[in-house]
Structure formats: structure tokens, C-alpha cells
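Colleague: any chance you can model this:
(chains A, B, C and D)
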There are 2 protein chains.
Amino acid sequence: MTVDRRKQIVEAAAKSFSLFGYKATTMDQVAKLANVGKGTIYTFFANKEELFDEIMGNLIQEMKVLADTEYDADRHFFDNLNRILYRLLDYRERHQLAVKMIHEIRDMGTPKALEGMRQLENAILSYIQVKIRAAIDKGELKPCDPEITAFVMVKLYVALASEWAFGRPPLEKERIAELIRLYLMNGLSAD
Amino acid sequence: MTVDRRKQIVEAAAKSFSLFGYKATTMDQVAKLANVGKGTIYTFFANKEELFDEIMGNLIQEMKVLADTEYDADRHFFDNLNRILYRLLDYRERHQLAVKMIHEIRDMGTPKALEGMRQLENAILSYIQVKIRAAIDKGELKPCDPEITAFVMVKLYVALASEWAFGRPPLEKERIAELIRLYLMNGLSAD
DNA sequence: AAATGACTAAAATCCATTTTCGGTCAGTCG
DNA sequence: CGACTGACCGAAAATGGATTTTAGTCATTT
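Modeller: Numbering: from 1, shown residues only, chains lettered A, B, ... in the order given. Alright, predicted model coming up:
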């Protein structure tokens, strides 16, 4: 084969979803961008949804790799947590697709965009869960429910890194790490 | 005077805002409910917004009283925090007005409903801030930024009490208190 | 002087018409 | 023959103009 049509399609779709969101991406547009007849898309993907799922899956995969690269089994849990969470959020913020999905959910409530972000969130949560379990086994963390703990960590991180900065000066990377350590690792109790 | 027209209007408006939300409450309806000519409303309130602000202010006032009733200076900060936060969220959940506002924000994005909830949130935040400051002075809490800490506490509480329960079995009142103590008071570090 | 409700301008809603878009399939081309 | 295409279809959404609703006013009534 002279050109990989599937790859062309996936790349064009990724670009379009990132640039215009789920709803505003048309199959005609993807076909044109990919230099492919519209029918060809349907030989690889049953419908628009499956095409989107492929793109979303790739994103999640990339983020997993990114986290694995950052993770260092020799370092302490909270050290790894801070670096990985920040990298993930950083990535999410920089990554056009995730940003578009968030906007689309807020502005139009597109169900498929919502589902995509849920998938992404679940992937992040279950990734952290595994690391929490390992940290408990290593004796770095108190025994605690890994699912709830992962949930709390992500929520706390999103709250500090993103929600705090509505009308308030955003917190520095380092400040956030320090706060997470204060609140979750050491606790506020003064005795 | 035979009847207090202002009071009639405020009561009718409170009922209507709670029952139908901000947008779906019409001045004609309030007038009829209050057994008052529409013009009369405008002798007490410049416009619909001011009428709403009055209702919202009353709600916040009531919640402050409720919190003050629960607060006991002799008890430990986290004891008070748990009881007050839970009461506030409980109240918010039960209180028709707040519930309606939350729905209206989600379903239609009514700006005035959003503003109202922001006011309420700010009131809760600044209330907790005061208590945090007191607890730091009493030596019950480590020195920390009271504004950020109040913010984190509310976010964590909302996450556990409300956001967790999307598709998952909700956490018990007592479990939430226990988790807040684990995460924020004692910390997860196992040293 | 206090209260009212018919009135107005502006905003929201409705709805018929048009346009767009996901998905198909008969036909083309290599 | 079979990979590929784009004109075509019905369903769903966008458009816009007519109609209704509603916040706010003010001349009139009590």
C-alpha cells in the first residue's frame, strides 16, 4: 500500500476533534482532511462514536505512558504522586482534545464529550489506585480504602490546581505540592 | 396597617423561587401569590433581582444561625467542623431554594442562580475561615492559610458527600466524618 | 398617599421551512 | 474482483420570523 488510510483517518480525526470538539467535527470534514472518501472511514470504523473512542483511547494510552515515565519506584509515594498528578493535569490542560471536551461539556453538554471525559477520569483514578495499594504494602501509607483515597486525591488536586483559580491568583506548582503534603500527608492536627 | 405587605411579598417570593426557580418565577405570579398588585412589589424592591437578593440574604442568615447553634467553643475544631459542615450541606440539600438553584444552574445556566449560589458558598467559606483562625490560635490546628484551608475543607466535603455518589453507593454520615478526620486531621503518612 | 393593573418594549418561545450531517450503496477505477 | 468513492437519503438540527410572555411603568382609583 502506498499510504496507510487508517492512520490518515485517525490523524485527521484527532486533529479535528481537538480543534473543533465532538459535535462540530463532521465526517465529511474528516474525510477531506484525510484525503479519503467518506465511505472509506466506514470500512475502518462503524460510526462516528467508534472513531472518537479510538482517539480517546489513544489519549489515555499516551497519558499512561507519560505517568509511567515519571514514576520512580525508589521514590516516596507523595513524591511520585505530586509529579505524576501535576504532569497529568498539565498534560490535560495543554492537550487540545481534553480542553475542547471540557469546554464542550460546559457550553453544550454534548453527551459523548462527557462520556469521553469520564473515561479519562476513570483511567486516571484506577491508575492512582494501583499506586496507592503499592504504597500501603510498602508501608508508606496508612491502611485506607484505595478507591476513595484516589478519588480524594484527584478532587483535591483539581480543586487546588484549577478551581481555586476562579477570580483568585492561581497557586504555584510548588505551593500546590506543599499544600497536598500538608493536608493529605501530614494532616492539620497540631499535637 | 391591617397587613404587612412587604412581608407578604417576601414570603410569596421565597415560596415561588423555591418552587419554580429564578427564571420561572414571574412578578405577576408573586403579586398574585402575595395578594398584592404588581406595582406594589416595586415600591419595596427596585426589580426582580433585588427581591431575589433579599430572599437569598435571608437564607444565608438562617444558615449562619443554624451553624452558630451547632458550634460549641469547648469542643475540638474537627468535631465542630464535622457537625457544622454536615448540617450546612444537609440544610442545603433539604432547602428547596438551594436545590432549585443548583438544578437551574445545571439545566439552564441562569446567571442569577449562579450568582446566588456563589454568594452562599462565599458565606460558608468565610464562616469556616473564622473558625479555622480561632483553632490555629487555640493551638488545635497547625499554622496554615485559613482561606485555602477553608476552601479545601468545603471541596473535600462536597466531593465525599455529593460527588462520590454518582453511580456509587453514597457514604454514610459517619464514614464521611471518619474520612475527613483521616485525610485532613491525621494525614496518610505512615511513619 | 398608597395601591393597582392595563400597558409597553423587550425578551422568550414557537413552529414551519431550510440546511446540515451521519450513514449507505450503486458505481468507478486500478 | 475488490478497494475506494461521493451522490444520495432520511433524520435531526439550525434558522428566522410570527406570536406570546414578562419585567417594569404610570395614569387612575381607593
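Colleague: average pLDDT across the longest helix along chain A?
Modeller: Under DSSP state H, the helix in chain A containing the largest number of residues is helix A:111-137. Mean per-residue pLDDT for helix A:111-137: 93.
Colleague: list phi and psi for the residue in chain A that chain B sits nearest to.
Modeller: The nearest approach of chain A to chain B comes at residue A:187, 3.0 Å away (CB to the nearest CB). Yep, even glycine has a C-beta here, placed from its N, CA and C like the rest. Dihedral angles of residue A:187 (phi, psi; degrees, to the nearest 10) stand at phi 80, psi 160.
Colleague: give me the residues contacting stretch A:23-30.
Modeller: Residues from elsewhere that reach stretch A:23-30, judged by CB atoms under 8 Å, 6 or more residues apart in numbering or on different chains: A:9, A:12-13, A:16-17, A:38, A:41, A:48, A:51, A:104, A:108, A:110, A:113.
Colleague: near DNA strand D, which residues of chain A show up?
Modeller: A:1, A:5, A:31, A:35, A:36, A:37, A:38, A:39, A:40, A:42, A:43 (CB under 7 Å from any atom of the strand).
Colleague: I would like a ChimeraX command selecting only the buried ones among those, please.
Modeller: Buried members of the residues of chain A next to DNA strand D, defined by 16 or more other CB atoms under 10 Å in any protein chain shown, are picked up in ChimeraX with:
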select /A:5,31,36
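Colleague: and the residues of chain A next to DNA strand D, which two are the farthest apart?
Modeller: A:1 and A:38 (19.6 Å; CB to CB).
Colleague: who are the packing partners of the helix or strand of chain A with the lowest mean pLDDT?
Modeller: Across the helices and strands of chain A, mean pLDDT, DSSP states H and E gives its lowest value to helix A:77-94, namely a mean of 79. Where contact means 3 or more CB pairs under 8 Å, 6 or more residues apart in numbering or on different chains; DSSP states H and E, helix A:77-94 is packed against helix A:48-70, helix A:96-108, helix A:111-137, helix A:146-158, helix A:173-180.
Colleague: out of those, which is the most enclosed?
Modeller: helix A:146-158 (a mean of 20; mean count of other CB atoms under 10 Å in any protein chain shown).
Colleague: does that helix reach chain B?
Modeller: Yes. Using CB under 8 Å from any CB of the partner chain, helix A:146-158 reaches chain B at A:148, A:149, A:151, A:152, A:155, A:156.
Colleague: contacting residues for the nearest residue to the fourth one once chain neighbours are set aside?
Modeller: Read it as residue A:152. Sequence neighbours aside, residue B:183 is the residue nearest to residue A:152 in space, at 5.9 Å (criterion: CB to CB, 6 or more residues apart in numbering or on different chains). Neighbour list for residue B:183: A:149, A:152, A:183, A:184, A:187, B:156 [criterion: CB under 8 Å, 6+ apart].
Colleague: tell me the one of those residues nearest DNA strand C?
Modeller: Using CB to the nearest atom of the strand, residue B:156 comes nearest to DNA strand C of the contacts of residue B:183, at 36.3 Å.
Colleague: the closest one against residue B:184, yeah?
Modeller: Yes. Residue B:156 lies in contact with residue B:184 (CB atoms under 8 Å); the separation is 6.7 Å.
Colleague: interface residues of chain A facing DNA strand C?
Modeller: Residues of chain A lying near DNA strand C (CB under 7 Å from any atom of the strand): A:24, A:25, A:26, A:27, A:28, A:38, A:39, A:42, A:47, A:48, A:49.
Colleague: helix or strand right after the host helix or strand of the fifth one?
Modeller: If I follow you right, that is residue A:28. Assessed by DSSP states H and E, residue A:28 sits inside helix A:27-33. Using DSSP H and E, the next helix or strand after helix A:27-33 towards the C-terminus is helix A:38-44.
Colleague: check which helices and strands that following helix sits against.
Modeller: helix A:5-20, helix A:27-33.
Colleague: what angle separates the longest one from helix A:48-70?
Modeller: Read that as helix A:5-20. 80 degrees (axes from the mean of the first three to the mean of the last three CA atoms, to 10 degrees).
Colleague: what mean pLDDT does helix A:5-20 get?
Modeller: For helix A:5-20, the per-residue pLDDT averages 95.
Colleague: by contact count, what packs against that helix?
Modeller: By 3+ CB pairs under 8 Å, 6+ apart, helix A:5-20 packs against helix A:27-33, helix A:38-44, helix A:48-70, helix A:96-108.
Colleague: so what touches it?
Modeller: Contacts of helix A:5-20 (CB under 8 Å, 6+ apart): A:25, A:29-31, A:33-36, A:40-41, A:44-45, A:51-52, A:54-55, A:58, A:95-97, A:100.
Colleague: got the angle for it vs helix A:96-108?
Modeller: Using the same axes, to 10 degrees: helix A:5-20 against helix A:96-108 is 50 degrees.
Colleague: tell me the buried residues in helix A:5-20?
Modeller: A:5, A:6, A:8, A:9, A:10, A:12, A:13, A:14, A:15, A:16, A:17, A:18.
Colleague: and for the shortest one?
Modeller: Residues of helix A:27-33 classed as buried by neighbour count (16+ other CB under 10 Å): A:27, A:29, A:30, A:31, A:33.
Colleague: for the record, mean pLDDT for it?
Modeller: 97.
Colleague: pull the distance from that helix to the chain's centre.
Modeller: 26 Å (CA atoms, centre = their mean, to the nearest Å).
Colleague: now residue A:77: how far from DNA strand C?
Modeller: The spacing between residue A:77 and DNA strand C, counted by CB to the nearest atom of the strand, to the nearest Å, is 44 Å.
Colleague: find the nearest non-adjacent residue to residue A:51, please.
Modeller: That would be residue A:45: by CB to CB, 6+ apart, it lies 4.3 Å from residue A:51.
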